[in-house]
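>>> Please find the sequence and the predicted model below.
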Amino acid sequence: PLKTITFIGMMFNSSNADLKHFFNVTRSLTSFAYVAKRLLTHFKELALYRRGTQVTSGNALAARLVRSALDLGIPILTGTPARQLLREGNRVTGVLAEQGNNELRIEARRGVVLACGGFSHDLQRLKQAYPHVRRGGEHFSPVPEGNTGDGARMAEALGAKVDIRLQAAAAWMPVSKVPMGAGRYAAFPHLLDRYKPGVIGVLRSGKRFTNESNSYHDVGAALIEACAEQSETAMWLVCDRRTLAKYGLGFAKPAPMPLGPLLRNGYLLKGRSLAELAGKAGIDAAGLEQTVRDYNLGAVQGEDRQFGRGTTRFNRYLADPQHTPNPCVAPLGEGPYFAVKVIMGDLGTFDGIRTSVVGEVLGTDERAIEGLYAVGNDRASIMGGNYPGAGITLGPIMTFGYLTGRHLAGVEQGLATAANAREVA
């Protein structure tokens, strides 16, 4: 799991009981008892195993898949980058990999499957695919740093079709950069704080630009569009001291966790007034003050008169059900005020290698390259750049990966191959 979304190495599921109790630990005996038990169990796991063993979300999915591979005796070679696809005639027959100082030749009986995670850290392709990067903006992805587009490059060397055609070439995720010391940063994905009452997102002009409680992909798309005429694509999440103490903001945890280190390293900004906060953030002070005045007029009645925040079930899902009348909306009260700068990141690429339904890699002539397959984020997504719900990368990855596996195993599935099905997406 990302270190930035764990607490002393403890994983949370964003919608389970853990977070609800941790948020209420100082206000409920039930929550206090729950948190105490959870912490004691976690410290015991750290003492016995040097890590927490209660895995949730994507970590649990990965653990189950690894367990299956180990049970079947399938070797997992780490630190062994693939460098080149091997070919005999028109058929891909294996890969040339690197293991330490040695060259490793791996032969394939049925085919080579590319599953290199997409191109989220391929800087050259990002300039081509991401509009905010093309205009000079920053992109900071929380996905594994090894996802550098190796699969796409190796496939292209054999004539595969990897074109950038989608307006949203990735699943957008607004992130903040957490200083980790020695000039290093880690990405904090803003999965929860945007939904909470009393938190708003503003541009450098000080103005809001979207419903902050929409999905991360939709908020990201709105941010990219709102900054279309600017070199920088960024927003600032802003709240007052009461909201910060109750919910936290980005990597800054709720009370009673200390804020000093994050104020000193510049991650969290603080101002006694909105004007002072704006000055530290480089935001237009008059614009921010007017935005808060306008927002508060409706917020005192639980209304977002500009963007209708909290009017859908999706908005309310990760908000605060105990805050009424609108779990997503509360006014910004007295200072001091706080802000965190948010830029664009992603949860994986949508554009990628073009394939048939069963994963056969297609060449620029739309014909399958014999013996070569692509799955996961290496493969162009069936979603076509849209993000209708959480897990929209994982769902197609598992579904079509399963179909590719069955095809390679020779299991009849009644689905067309490249001969009569040219495209998936």
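Arrived safely, thanks for sending.

>>> From now on I want contacts and neighbour counts done on CA atoms only, so please keep to that.
Noted.

>>> Give me the residue ranges of the stretch 201-350 of the chain where confidence is low.
Of all residues in the stretch 201-350 of the chain, none has pLDDT under 70.

>>> Let me see the domain layout of the chain.
3-57, 77-120+146-166+350-408, 171-346 (automatic domain parsing).

>>> and residue 238, what are its phi and psi?
phi -130, psi 140 (degrees, to the nearest 10).

>>> mind listing what it touches?
Residues counted as contacts of residue 238 (CA atoms under 8 Å, 6 or more residues apart in numbering) are 199-202, 337-340.

>>> about what we covered before: could I get the domains of the chain as TSV with distance to residue 137?
Below are the domains of the chain laid out as TSV (distance: least, CA to CA, whole Å):
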stretch	distance to residue 137
domain 3-57	23
domain 77-120+146-166+350-408	15
domain 171-346	5
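
>>> Residue 65 is nearest to which of those domains?
Residue 65 lies closest, by CA to CA, to one member of the domains of the chain: domain 77-120+146-166+350-408, at 10.8 Å.

>>> Straight-line length of that closest one, end to end?
Start-to-end span of domain 77-120+146-166+350-408 (CA to CA, to the nearest Å) is 21 Å.

>>> and after the helix or strand harbouring residue 133, which helix or strand comes next?
In the assignment (DSSP states H and E), residue 133 maps to helix 131-134. Downstream of helix 131-134, the next assigned helix or strand under DSSP H and E is helix 150-156.

>>> That following helix - contacts with which helices or strands?
Applying 3 or more CA pairs under 8 Å, 6 or more residues apart in numbering; DSSP states H and E, one finds that helix 150-156 contacts strand 82-88.

>>> Adjacent strands (with direction) for the strand it packs on?
strand 91-99 (antiparallel) (DSSP bridges).

>>> what are the ranges of the helices in the stretch 1-150 of the chain?
17-23, 29-49, 57-71, 123-129, 131-134, 150-156 (DSSP state H, counting those that start in this stretch).

>>> Please name whichever of those helices is nearest to residue 359.
Checking the helices of the stretch 1-150 of the chain against residue 359 by CA to CA gives helix 150-156 as the closest, at 12.8 Å.

>>> Name the residues of the following helix or strand past the closest one that are buried.
Remark: after helix 150-156, the chain's next helix or strand is strand 170-181, criterion DSSP H and E. The neighbour-count check on strand 170-181 (16 or more other CA atoms under 10 Å) flags 170-178 as buried.

>>> And stretch 292-299, by the same measure?
Applying 16+ other CA under 10 Å to stretch 292-299 flags 292, 295-296, 298-299 as buried.

>>> again with stretch 361-368
Neighbour-count burial for stretch 361-368, with 16+ other CA under 10 Å as criterion, is recorded at 361-364, 366-368.

>>> measure it end to end?
End-to-end distance of stretch 361-368 (CA to CA): 6 Å.

>>> what sits up against that stretch?
155, 158-161, 353-356, 360, 369, 372-374, 418-419, 422.

>>> for it, the distance to its chain's centre please.
Its chain's C-alpha centre and that of stretch 361-368 lie 30 Å apart, by CA atoms, centre = their mean, to the nearest Å.

>>> circling back to that earlier point, quick check: which of the helices of the stretch 1-150 of the chain has the most neighbours on average?
The highest mean neighbour count among those, using mean count of other CA atoms under 10 Å, belongs to helix 150-156: a mean of 21.

>>> Tell me how far it lies from the chain's centre.
Worked out by CA atoms, centre = their mean, helix 150-156 lies 23 Å from the chain centre.

>>> Renumber starting at 503 from here on
Yes, from this point I'll number from 503; that puts the last item at helix 652-658.

>>> gap between the residue positioned nearest the centre of the chain and residue 696?
Residue closest to the mean C-alpha point of the chain, counted by CA atoms, centre = their mean, is residue 849 at 3.3 Å. Distance, residue 849 to residue 696, by CA to CA: 17 Å.

>>> again, but for residue 772
Distance of residue 772 to residue 696, computed by CA to CA: 18 Å.

>>> which residues sit against stretch 823-840?
In contact with stretch 823-840 (CA under 8 Å, 6+ apart) are residues 697-701, 715, 740-743, 746, 770-776, 779, 794, 797-798, 801-806, 811-812, 817-818, 821-822.

>>> Just the ones in helices from those, please.
Among the contacts of stretch 823-840, DSSP state H puts 743, 746, 776, 779, 794, 797-798, 801, 817-818 in helices.
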